[in-house]
Each structure stands twice: as structure tokens, then as C-alpha cells.
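1. Structure of the sequence below:
(2 chains)
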2 protein chains.
Amino acid sequence: MSKSIEVKAADNVRILAAAMVEKANSGHPGGAMGGADFVNILYSEFLNYDPSDMTWANRDRFFLDPGHMSPMLYGILSLAGFYSMEDVANFRQWGSVTPGHPEVDVERGVENTSGPLGQGHVMAVGAAIAERFLVARFGEWMAHKTYTFISDGGIQEEISQGAGRIAGHLGLSNLIMFYDSNDIQLSTETDEVTTEDTEMKYKAWGWNVVTIAGNDADAIRKALKNAQEETEKPTLIIGKTIMGKGAITEDGANFERQCSTHGQPLSGAGASFAKTIANLGGDPENPFVIFDDVKEYYEKRKAALIEAAAAKKAEQAKWEAANPELAAKLKAFFSNEIPEIDYSKIEQKAGIATRGASATVLSVFAKEVENMIVSSADLSNSDKTDGFLKNTSSFKKGDFRGQFLQAGVCELTMAVIMNGMALHGGVIPACGTFFVFSDYQKPAARLAALQELPVKYIWTHDAFRVGEDGPTHQPVEQEAQIRLLEKLQNHSHKNSMLVLRPADGNETTVAWKMAMENTDTPTALILSRQGIKDVTTYETAQGATKGAYILQDCEGTPDVILLASGSEVSTLVDGAELLAKDGVKSRIVSVPSEGLFRTQSAEYQKEVLPAGVTKFGLTAGLPVTLEGLVGMDGKVFGLGSFGFSAPAGVLDVKLGYTGENVYNQVKELLA
Amino acid sequence: MSKSIEVKAADNVRILAAAMVEKANSGHPGGAMGGADFVNILYSEFLNYDPSDMTWANRDRFFLDPGHMSPMLYGILSLAGFYSMEDVANFRQWGSVTPGHPEVDVERGVENTSGPLGQGHVMAVGAAIAERFLVARFGEWMAHKTYTFISDGGIQEEISQGAGRIAGHLGLSNLIMFYDSNDIQLSTETDEVTTEDTEMKYKAWGWNVVTIAGNDADAIRKALKNAQEETEKPTLIIGKTIMGKGAITEDGANFERQCSTHGQPLSGAGASFAKTIANLGGDPENPFVIFDDVKEYYEKRKAALIEAAAAKKAEQAKWEAANPELAAKLKAFFSNEIPEIDYSKIEQKAGIATRGASATVLSVFAKEVENMIVSSADLSNSDKTDGFLKNTSSFKKGDFRGQFLQAGVCELTMAVIMNGMALHGGVIPACGTFFVFSDYQKPAARLAALQELPVKYIWTHDAFRVGEDGPTHQPVEQEAQIRLLEKLQNHSHKNSMLVLRPADGNETTVAWKMAMENTDTPTALILSRQGIKDVTTYETAQGATKGAYILQDCEGTPDVILLASGSEVSTLVDGAELLAKDGVKSRIVSVPSEGLFRTQSAEYQKEVLPAGVTKFGLTAGLPVTLEGLVGMDGKVFGLGSFGFSAPAGVLDVKLGYTGENVYNQVKELLA
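-> Next up, the predicted model:
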């Protein structure tokens, strides 16, 4: 009996996957071999995209969650024509386009970076929301599906709770998730760690769920068809698959469903690589081959895809002609263009908290930035994203006309959804929570940084001045922590994140301008809970664009340079006044971003912070937050311990964040 | 009609809660008022403990998840006699024993620090596992229940997925969770963000679930009784409660179920504080009062509890007499005593990876430390916690004779479970995963640090030498990040975490010894994937106990001091050899913990790292990881960007982690 083309193609993916891992002597063949049938049906019959125009905005998206299954992805994408046999043979090698875990590469069909389990499918949720958002504005003609592929690990990851709830709640019927359920994970069989009824769980979240034989082409086809017809709910297809499908031993005995094939080459796992390749119809001596009939099959698919995309684009052209204004807007949305906003016209109330100043700016964005989506993890009235919300509405099932996602309490999920929106394109995502909970979001922020996604983080309640909520809610180490991403470069040789902690209302306006103009990396805004005395005008606050600048200076060489970020700058101003009365000449430098300052010319850096002049840094974070700038020239007064529950004003005094203490500290330093 | 005592007591809690927030002008009254009936029934009829001996090991535990509901906890604990009216009137004030979010204080009945939603109930899961572990060794006579209280936010937090799955999978019938379901959260009504069927979801996880009227004393009583009788499954009691129960306006109109009462004083929310207090039977002028009959009621309960505990203790005394060896062991378990282990006898293979060296030590612990529990998030064969597992077995439903928790893929849940185990006492928890995933665990590590819990983190695959897995799996900023907790002091004025990155196999043995002996704070071990050339003996590696030490020295004053931690130390040794051939005299300092080194005498610090001598630091992390020690005296060679997918040996060369490059860098520095 000759094999059907769908089995042959899937076997081809299995051969390539096994061979990649075997040659690299590193990687995960078993899962890839089990999932091959699904991706083959998906790519050969369902996934719509334009092979001649991979960045086409209206393409279906495919988000891989288990990045260790990269051999499956590279395998199917080589059948589809995006990787050469040389590329896949160089799997996991220096400089190759086939890294161990996929790194976003849209031109080759890789929609997202994956690896940390769970995040991939949540990015898909974000993309599906972005699609609904755009369709609500431009019409169903541009609707597309978002597919995602998840494994046992992703199903177990905590974040699946956030994604399951939100996708169900919003009725994202455009989202179709395949769960590669092979009952085996890295360390154990799955039943050693879970006995949940996954079907029931997703039904509890409001999903359409079907369980199928995951290596059966017909079953996959039928499930995908049904999923495409679903209009109310996201679909979960639980595919019971066979880990290491096709693997045999030297003796020809079946070696499927073996935990050992999860994370090592077949030969290391106990199977025979050569026999397995032969068993799958390949040539063990030369496994990096696409079978002729498979090639032909995929070439036909390619032609059909290009034709279908052309038809869609013709439809789009008609729509554009009939709707020139909308068409221009759609183009602008996908171009990274930001509407011209006259930030100088944004008036900030005197003495406003920087979270409040952020709300002022957000209220303008809500009216002028039509493709901005803001989200909050159940803190919109505290993190002041409600400044945006008041001028728009929240997403609801079937209604994506608003621009706000009430995410519920799920800081990490929210941040990963932002990444998915940014990957989808066409929208500008921003999300808010308390700064201390940036801890929860770090895994997502790291992937935003690595993927170079311009997500905006609105982190409020920036220091011990959270006050009564106490140490669990008071950030101390967080500013130093997140600024590590300013020190870490991305693969484009830029600081992987821009982190801004503005000193007052006007600096906040400027910080938001910088955040919007930064389309290359994520940006963080670290904002105060409490009101802050104004220390800048909109004009003087422009210095923030250099990362650090002289906010207030003295005649001649200063006796001391005082530096800080955020609300500590105003405390320095108080201190400087007391020092001046005492004849001490000081300069005040506001440092909203050390990372950005470090990218300025050496000359500018020296001008602002000349070596040899005594420096005093004030931070509500750990002293290390400013020690890099103060160096050996002085000292940093910071907080060295967890905070305490008490009113903010009391803490200022108890912990030494007053002009008087600045005066005392500096006098001691200069003595 | 006169009120029943249970309503009166619950109203008393409501009055105290509302008054605390009103007086502090800060906090969350609404939820506390809704949950009061449940905690009143729990404390007055079910929760077993010894009011005369609050640290009694066999007490029932109560873990609060929503820390913002602290007024409810302080309220009920004041009825139970652990807080004075002055204490509760000082709610959220400097130096008070009633901080905004509860901070662990067992003597007063506060079992855990809470605030970051979700973590509280997961700590309860950890405590319930610890209880089963102890019961499996000493008998059902010491069984107790673990109760926990969760809110809408905790149910939504991602981490509930890990807790729900694990508690169900392990059949923790000793765990009873009350879900205060009041349909309101901080920013919105709950149905704006979720439509999940929570009952169905927990049933999918294998829980026993019942839904009741959550303010009905009889319903609560019945549900708790049924839960206590359950022997197969954890129980979830979904209590439909009324947010702000009893709140009225100035006009006497009902003001219950208002979102506004979630996060502000009643008067700020739109209710009348005075009318509400009066409505609940209190005196608005003097609300900090325990009603006489309520006092009497709780005094009776107290006497009964003491009597019951005495009976239990008598039973224990009999058991102890009959089982002197077991009794001694039980005592040792709860005393923080560690068995004497002759670490000098632990032989490490030459050139072993430090994760492998950790496995060697763990295999000894599995035999000698009978109350150690090790866990892994599905990486036991990679993080080498399997060195422990090989000598024990994993927990299974109904079988807690082993000492290993296969947590599945849920890094954060696992880490929080460790905190719960440590809070329970009697066990020594340790958990392993990849170092890059410490990002996921930071929120738990921070609470371990704040609560001063001696949890051990086994973080392997410590740097870019993860190799082929690529940037998603290669830590760069993580070492600097986690060491921030070495710079942050806890409320006992100690470094809030001990972070050790040993240089080779012997240093790993010493590091594990230090970790076991550190019963004051959490300890992290950062371990290599790859083999490392030995640079110490067990004797010389003792220097690690000082945080940093001279590993290799020269005659006279060195031309350069080379410093590093982890596997970079051996690279320095290679470099020093090349330098020596060139006549350059060098000293090598191994720095497994900068934080610990900083606690040594100034004299010792100066002896090891004298000022004025040129220093060269080598780190596979960001340069900032060592910049604090190198200062202005030299330079740090570190990794400034995300890593790359390629074999580790290739990366060493490409990125400059070779003896040759050390030689070149130092020559340039000295030139």
C-alpha cells in the first residue's frame, strides 16, 4: 500500500526533525515527530498567507508555544519553501537561521520567539484580540484566523489560566489551538504530574473543545473545519498524538511513546536513527531531503496560496478605493506611524503625581491615537490607565470597538498578550500595573526585549511611598532590576529596553512622547503614587530625551552634583535650597534613564557628570540603582531594606527622604 | 428579634474592619465585611490550635490569600484575643503590629505574609503537602487541616492553575479553600473580566466543590463539616458573599455590593461610616470594641481549644513514650537541626559540571536528610535534582513516603509551594529549574526573602553555555538580578537572600553545606550545565564561606587581581597561566557571593581585594554583575547582549570566554 501524500509529507517533517537533532546532537525530536501530522494539514490545507509577501497584514498567524519543537516548525517551513536543506542541517549552529528555539522571523514564517513554555499561545491570544480590534474598524473582509500549537508543558504553565479565561470571556472564535497531547513530558510521563480533565477545564473557560486522534489526517482536517466554522468560542483541539512517531530500535522494535526521545537525539534516546529514518521512508545517509512528490504537493499549495492572497488583495484594493480615508488609516496603523500630537499643549496640574500626569497624557491618546490598546490587570483606577479608559470602552465579547482590555488579575498574561498584539501589528499596546508586580511580568518583558517589540509598560506606585500597603507592595530592588534590560543589548545592538522614571508631571509628558516614538524596543514608565512638586517646565523637561540632564545648576564649578530620578529629584531641589543657604553650590541632574544617558556622546556625559566633582545620588531604590553614575566620586543614599507599612509622609521622614536629610548627607560627604 | 451570636460576632468583625480602614484612611473594607461570616464560623467552631502555644506544630493552619483583606484577619484575631483594640486602631501605622498587608506573625495567628494575590493559597498547598509528608512518617495522630481563603483576584491569578492541578492530583483532602465570591474586584465587577465556570474548573482539577450562600452561618458550618469528612479530594467552598455587607448611606439606603468599597474607606466610597457602624450594632464614636457576649463566646472557644490541644498533646506524649526514636526525629525535624553530614567525605568527580556536583551532594541528602523535600518543574533530569530522586520516590495521591515533588511545568507555583512548606515547618524544601526561569520565580523568591524562609533554589544552566537552546534559555542579566536580594536586607537586618555561584565541584559541596546551614534566609545555588576544570580542593573551597577568597596567589603584590564566580574562575586560571608565562603576576579571587563577602570585616575585604591594585573581572553575566567589586580599579569583561544558539564551546570562543582572551584583556588593561 502506498502512503498517502499527507502521511508522506508528515513523515518528511519527522525525518527532517529527527535528522536536525541528530546532526546537532542537541534538541527535542520526539514531540516534533508526534506533531508533524497536524502542522502538515494546517500548512497544506488551512493556513492562509502569501508566500510571495510574508508580512501581508491579513495573513493567518501561527504561534508555536513549545519552542523546543522547533524542528517541527523548521521542517514544515522547509516544505513550504522558507528554509533550505542547508539551513535545517545547520540547526542550532552559530550564525544559522535555525536557532534551537525559534526566534521571530516573519519573512521565513516564524511569527514569534518561543521557548519559555506557555507564552507562545498567550501571544496568539494577543494577536487574536488585535485582529478583532482591526476588524471592528475596517471590516470582516480583513478577518483572519490565529492558530496556535501547545504542548503538555504549556497546558500546565500558570499562564494558561489567564489565556484560557480571557480568550473564553472575549469569545475569540478566531483563535484555534491545537494541543499536542502525547502524555509525555521532559522528566516524566504526564500522568505523574497531572490528572486534570483538560477538556472540562477549557469548557469551564467557555471554549469549544474537541478531542481527536492527533496523528490522523482526516480527524485533524475535520476538527480544523469545525473550528473555522465556530463563531462564538475559541476552539481547542486536543490531539492525542504519539511522541516519537515512527521511531524504532536497531532490531526494528517500536520505540514510540518514550520519554527519552523528548530531549535528546534518537540515537541517544535508545532508538536507531538510521532504522527510524528508513522506517519513515528516508535515506539515513542523506536525510536532509524533501521528497519529490511532497515538494510538488507544497508547490501546488504555494501557487494556490499566492492566487488566493491575490484575490484577497484585489478585494482589499476595491475596498480601499471605496474607503480612501479608512484605507489611509489602515496603512498608517501598520506603518508604525504615530499621529502628530502637540505634547507641549498637554497641561499638567501643578504638583500632580506622575501616575496622574500619565493619565493626562493617556486621555489625549485615547482621542488621538486610534490604534492604541491599553490594558490593566484590575488596577485601572490605581495605575490611572483609567485616564485612557474614560475616553473609550472595554472590549467585550463581540464588541471590539473600544480600546481597552480589562485583563483581570493576571499581570504576566496581560504582558504576554501585549507582545502578541505587537507581533500581530497594526496596534500600539500598553499595559499598567503596580511596579512591584513587574516581577511577575519579567518573563514577558524579557521576550518583548528579545523580540524588539514596542510594548509600553505603565508601572505605578514606584517606591516605598506606596505607603500603607507595606513591603509586599513597595518596590525597592525593582528599579535596579528592570534597568538591567537597559544594560542588556538586543540583537540589533540597542539597549533592549528604554526605562524612564520621570521627575514630575512635565517630565512624564516628555517620557510618554519618548515611549511613543520608540518603536524599536519596549519602554517602561515608572510612575509615582504621590503628588510631586514640579521641578521642570515642558521645555526644560526635554532634557529627558538624553537620559540625564542638568535640571538646575549653579555659578561656576559645583561643590556637589546631586542626582536622582523620579520624585527624589524634587527632594534634591529641597536639599539644594538648604545647601545654598549654607553656601554650598550644587547642580541637580535628573536621570530618567541611565541606559539612554550612556548612549549619549562621551562629551555630553562628561559635561553633565564631570569626573572628579563630588556626587550625591538619592534613590528610593537600592543604592546600586545609582552607584554606576556616582562611582567613586561620592555616595548614594538609597533604601537598603524592604519597606514598611505606614503613611508615605511618615516613611519619607523615617527613612530619610527629606530635603533636610539631603542637606545633612551632603554636608557629611563634603566634610 | 435579637441577633444570633454568630451574626453578632461577624458584625463585630465588620465593625472593626470598617473602623480600621476609616481611621487609617487607607485600606479595603468591602471584602473584609463580606468574608467576616466565614472566618467567624471557622475560628469559633472549626480551626484547631492552641491559644496558649501558638507555634504548636500540629495546629490547623489558616492561610489568607487576599492580603488586602487584612482588616478581616486582624478583626477575627482580635476576637480570638491576639490583637488589642489599640493594635487594630493603629492599623497601617509606622511600627504597628497591624501592617496594611499581613506579615507572618505566628504568635498572633498570622501564618503567612500576603498581598501579591494568588500566593497565599498556594502556600496553603505547600503546607498541606508538608503535613501529609509528616503524617506519612509519624502517623495520622498528628494530622491537621489547612484552610485557606481566596478572593476573585486569587482565582484569576495564573498561579491558581498550578495550585488547582497539584492539589487535585495529589488528592490533598486536608486542604479546604473558601472562595469569597462577591462578584466585585478592584476596578470592575467580576463579570467584566471573567465568565468562567469556576466550580467546573476546580472539578476538572479533581476537587470537591460546593457553592453556598457565603454569609449564611449554617451553610458555612455545613460546608466545613462536609469538607472535613472528605478523604479523597481538596475541597473548594464557593461562598457567594456580599461585598461591604451591612454598609448603608447617610439616608439609610443599602450600600452593599459596591465596587467603590473595595479599596477605600466607607466614607470615601459613598457610604456613611457612622450609619453603617450603627447599622451593624456598633458605636460610631467608639467602634473599636468587642461586644461583651462576643468576648465571652470567644473566651469559651479559647478554653475549649486549650483543652482540646492539651488532650492532643497528652496523646502525643503517649506516642512519644511508645516511640522514642520517632519522637526524637519529629523533634529534630521541627528544630531546624540538620543531621551531621561529613561533607569532606563527599567525592566529586574530576571536571564535573556544578549541577552534577549538586546531584552528588543531593544523593547524600536523600539518604541522610530525612525531612528534605526536593522538587523540580519538569526538569529533574536536567537540573539534576534527579540525584536526589534516584534515592527516593515522588509523591503520589495517598502516598507521601517519598521526598520528591514532581511539580510539572509551573516554576512559580513550585516556588510558592516551597514557601508554604517552610512556613508549615518540619521540612527542608528545595526546588530546581533552569536559572533563566528564576524570572518566573522572582515573586515567590521575594516573599521567601521577606518572610525569611530557608528555601533552597537550585538554578542550573547558569549562563550562555546552555549553548544550543539559545537566548530564551541563556541567562545574562539574571545573576545581577537575583543578587539584588543580597543587597536588600530583610527586617532582621540580614541580607535577604544568600546567592552562591560555585566555581567547581568542591565549591559546590561547600555551597550546599552553607545552604543547609543557612536557616535564616533563602539560599540560591547557581550551577553550570557544562563540566568545569577543578580549581579547588574541598579544603581550599572553604574560602567560599566568606563569600570571596583568594583561590590562587602570586609572590608579592600582584600586578592584577582576577576575579569571577562560577565557571569563569577556571577560565581565569587558564588566563593566569598565560600571564605568568609573560611575567605578569596575578591573584585569582573566587567570589561565589558578593553579598556575603560584603558582610566580612573591612580588614578581610581589604586583604582579598586591596584598593589600588588593578582588577579584572570576568563574568558570563552583564558586566555590572562584578562592577561593584572591581570599581574604578580596572574593568569587567562580561556579556552585554542576549546570547545565541550554538554549541557552548563555540560560544566560549566567539564571545571571548577563553584563557587567551583573559590574557589579551589583562595585557591591554595593564598596558
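
2. For A:Gln147, grab phi and psi.
-> Small correction: residue A:147 is Tyr, not Gln. phi -100, psi 150 (degrees, to the nearest 10).

3. Does it have any beta-bridge partners, and if so which?
-> A:Phe62, A:Ile176 (DSSP bridges).

4. what about it, how many neighbours?
-> 29 (other CB atoms under 10 Å in any protein chain shown). Using the backbone N, CA and C atoms, a C-beta is placed for each residue, glycine as well.

5. I'd guessed it sits against A:Asp60; true?
-> Yes - taking CB atoms under 8 Å as the definition, A:Tyr147 is a contact partner of A:Asp60 at 6.5 Å.

6. can you list residues touching both of the two?
-> A:46-47 (CB atoms under 8 Å, 6 or more residues apart in numbering or on different chains).

7. all helices for the stretch 1-150 of chain A, in order.
-> Along the stretch 1-150 of chain A, the stretches classed as helices by DSSP state H, counting those that start in this stretch are A:5-24, A:29-41, A:70-79, A:85-89, A:119-138.

8. What lies in contact with the fourth one?
-> If you take CB under 8 Å, 6+ apart as the criterion, helix A:85-89 is touched by A:16, A:19-20, A:23, A:74-75, A:78, A:96-98, A:288-290.

9. hmm, try it at 10 Å
-> With contacts defined as CB atoms under 10 Å, 6 or more residues apart in numbering or on different chains, helix A:85-89 is touched by A:16-17, A:19-20, A:23-24, A:71, A:74-75, A:77-78, A:83, A:96-98, A:108, A:286-290.

10. Next, the buried residues of that helix.
-> Across helix A:85-89, burial judged by 16 or more other CB atoms under 10 Å in any protein chain shown covers A:87-89.

11. quick one on the thing from earlier: deepest in the core, which of the helices of the stretch 1-150 of chain A is it.
-> The highest mean neighbour count among these, using mean count of other CB atoms under 10 Å in any protein chain shown, belongs to helix A:29-41: a mean of 30.

12. So for it, mean pLDDT?
-> The average pLDDT within helix A:29-41 is 97.

13. What angle do helix A:5-24 and it make with each other?
-> Per axes from the mean of the first three to the mean of the last three CA atoms, to 10 degrees, the angle that helix A:29-41 makes with helix A:5-24 is 150 degrees.

14. In chain A, which helix is the longest?
-> helix A:292-322 (DSSP state H).

15. Pull the helix or strand that it is followed by out as PDB, backbone CA atoms only.
-> Following helix A:292-322 in sequence order, the next helix or strand is helix A:324-333 (DSSP states H and E). Output in PDB follows, covering the C-alpha atoms of helix A:324-333 (Å, rounded to 0.1, in the frame of the first residue of the first chain):
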ATOM      1  CA  PRO A 324      -9.900  56.100   0.900                       C
ATOM      2  CA  GLU A 325      -9.900  57.500   4.500                       C
ATOM      3  CA  LEU A 326     -10.200  54.200   6.200                       C
ATOM      4  CA  ALA A 327      -7.600  52.800   3.800                       C
ATOM      5  CA  ALA A 328      -5.100  55.600   4.700                       C
ATOM      6  CA  LYS A 329      -5.800  54.900   8.400                       C
ATOM      7  CA  LEU A 330      -5.200  51.200   8.000                       C
ATOM      8  CA  LYS A 331      -2.000  51.900   6.200                       C
ATOM      9  CA  ALA A 332      -0.900  54.200   9.000                       C
ATOM     10  CA  PHE A 333      -1.800  51.700  11.600                       C
END
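
16. Now do the buried residues in helix A:324-333.
-> Quick answer for helix A:324-333 (16+ other CB under 10 Å): A:327, A:330, A:333.

17. ok, the second one - contacts?
-> Pointing back at A:Leu330 there. A:Leu330 touches A:57, A:134, A:137-139, A:142, A:316, A:319-320, A:323, A:371, A:426, counting by CB under 10 Å, 6+ apart.

18. could you flag which of the residues you listed are buried?
-> Of the contacts of A:Leu330, these count as buried by 16+ other CB under 10 Å: A:57, A:134, A:137-138, A:142, A:316, A:319, A:371, A:426.

19. of those, closest to A:Glu479?
-> Nearest to A:Glu479 among the buried ones among the contacts of A:Leu330, counting by CB to CB, is A:Asn371 at 30.2 Å.

20. The closest residue to the closest one other than its chain neighbours and A:Val104: what is the separation?
-> Distances taken as CB to CB, 6 or more residues apart in numbering or on different chains place A:Phe333 nearest to A:Asn371, at 4.5 Å, with adjacent residues excluded. Applying CB to CB, to the nearest Å, the value for A:Phe333 to A:Val104 is 20 Å.

21. Please parse chain A into its domains.
-> Domain ranges of chain A: A:5-304, A:343-526, A:542-670, per automatic domain parsing.

22. Let me see the ranges of the helices in the stretch 351-500 of chain A.
-> Going by DSSP H, counting those that start in this stretch, the stretch 351-500 of chain A shows helices at A:354-368, A:386-389, A:411-424, A:438-451, A:478-487.

23. most packed of these?
-> helix A:411-424 (a mean of 29).

24. Quick one: check it for contact with chain B.
-> Yes - residues of helix A:411-424 contacting chain B under CB under 10 Å from any CB of the partner chain: A:411-413.

25. which sections of chain A are below the confidence cut-off?
-> For chain A, the stretches with pLDDT under 70 are A:1.

26. Tell me who's in contact with A:Ala253.
-> A:247, A:271-272, A:275.

27. Equivalent analysis for A:Arg501, please.
-> Contacts of A:Arg501 by CB under 10 Å, 6+ apart are A:354, A:435, A:459, A:462-463, A:479, A:482-483, A:507-508, A:511, A:524-528, A:544, A:564-569, A:590-594, A:619-621, A:625.

28. In helices, which of these fall?
-> Using DSSP H, these in helices are A:354, A:479, A:482-483, A:507-508, A:511, A:568-569, A:594, A:625.

29. from those residues, which is closest to A:His262?
-> A:Ile482 (34.1 Å).

30. Report the separation between A:Asn286 and chain B.
-> Distance, A:Asn286 to chain B, using CB to the nearest CB, to the nearest Å: 23 Å.

31. and what of A:Thr599?
-> Taken as CB to the nearest CB, the span from A:Thr599 to chain B is 13 Å.

32. Excluding covalently adjacent residues, which one is nearest to whatever residue of the stretch 401-550 of chain A ends up closest to chain B?
-> In the stretch 401-550 of chain A, no residue comes nearer to chain B than A:Thr472, which is 3.1 Å away by CB to the nearest CB. With CB to CB, 6+ apart as the criterion, A:Thr472 has its nearest non-adjacent residue at 3.1 Å, and that residue is B:Gly115.
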